[in-house]
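Take this sequence and fold it.
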Amino acid sequence: MKNLKPIFALSALIMSLQDSHSSAQSSEKLFTHPHAKHRTVEATSEVEIAPDGSEVKILGRVPGIMSSIECTFHPGSISKAAYHRTITEIWHVTEGEGYFYRKDLDSGAESCVKITKGTTLTIPKETVFQFKTIGDKPLKFFIATTPPWPGDDEAVFSKGRWKSTL
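I've put the predicted structure just below:
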């Protein structure tokens, strides 16, 4: 449980920054955590492929506020470069290592950082990002999005730092 504390803290932070939308409607099965003010959606066991090529699994969602996602990226992989139209993400690396590139569309400012277990970073909307693994272990990370992930047309493909392997 010690490793989950940053994940719970990230989710709590995002939820505290949003207005309460407890009346939001959803056709999905809902439950209420005894210590939370918001309704959340149960996690799915289905693994999907995100627009950037990573494997994702929805862990939960607060309608109108945020979603949480577990992501796995296999060794030797380089993602597709993209930016998001409307959402901001917070990533927390839980396993593996790699490199993470971002470029602000407005200012053109770029950065590329090494990411390892324990790294936390943000991806503001309209920021091009791309990532790749290094080493022989998968890169795994928790993602919190605000607002919730709206669908694959949220991602806009862009030129990145590296050529994608996907």
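
pLDDT at the residue nearest the centre of the chain, what is it?
Among the residues of the chain, the one closest to the centroid is I143, at 3.0 Å (C-alpha atoms, centre = their mean). Per-residue pLDDT puts I143 at 97.

ok, now which ones touch the nearest residue to it once chain neighbours are set aside?
Of all residues not flanking I143 in the chain, I69 sits nearest, at 4.3 Å (C-beta to C-beta, 6 or more residues apart in numbering). For glycine as for every other residue, the C-beta is placed from the backbone atoms N, C-alpha and C. By C-beta atoms under 8 Å, 6 or more residues apart in numbering, the contact list for I69 reads 56-59, 142-145, 149.

Kindly recompute the last result at 6 Å.
Going by C-beta atoms under 6 Å, 6 or more residues apart in numbering, I69 touches 56, 58, 143.

Switch these over to CSV; also include distance to E97.
Output for the contacts of I69, formatted as CSV (distance: C-beta to C-beta, whole Å):
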residue, distance to E97
V56, 19
I58, 25
I143, 17
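
How many neighbouring residues does the spatially closest residue to K140 that is not a sequence neighbour have?
Nearest in space to K140, with sequence neighbours left out and distances taken as C-beta to C-beta, 6+ apart, is E95 at 4.0 Å. Neighbour count of E95, defined by other C-beta atoms under 10 Å: 13.

Kindly export stretch 106-113 (C-alpha atoms) in CSV.
C-alpha atoms of stretch 106-113 as CSV (Å, rounded to 0.1, in the frame of the first residue of the first chain):
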residue,chain,number,x,y,z
ASP,A,106,2.1,28.5,-27.6
SER,A,107,5.7,29.3,-26.6
GLY,A,108,7.6,26.6,-28.4
ALA,A,109,9.5,25.8,-25.2
GLU,A,110,10.7,22.2,-25.2
SER,A,111,12.0,19.8,-22.6
CYS,A,112,13.2,16.1,-22.5
VAL,A,113,13.6,14.4,-19.1
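
centre of the chain versus it, how much separation?
19 Å (C-alpha atoms, centre = their mean, to the nearest Å).

G160 and I90, how far apart?
The spacing between G160 and I90, counted by C-beta to C-beta, to the nearest Å, is 21 Å.

Please apply the same query to V62.
Counting by C-beta to C-beta - V62 and I90 are separated by 14 Å.

higher neighbour count, these two?
V62 (27 against 20).

beta partners of that one?
Beta-bridge partners for V62, by DSSP bridges, are M66.
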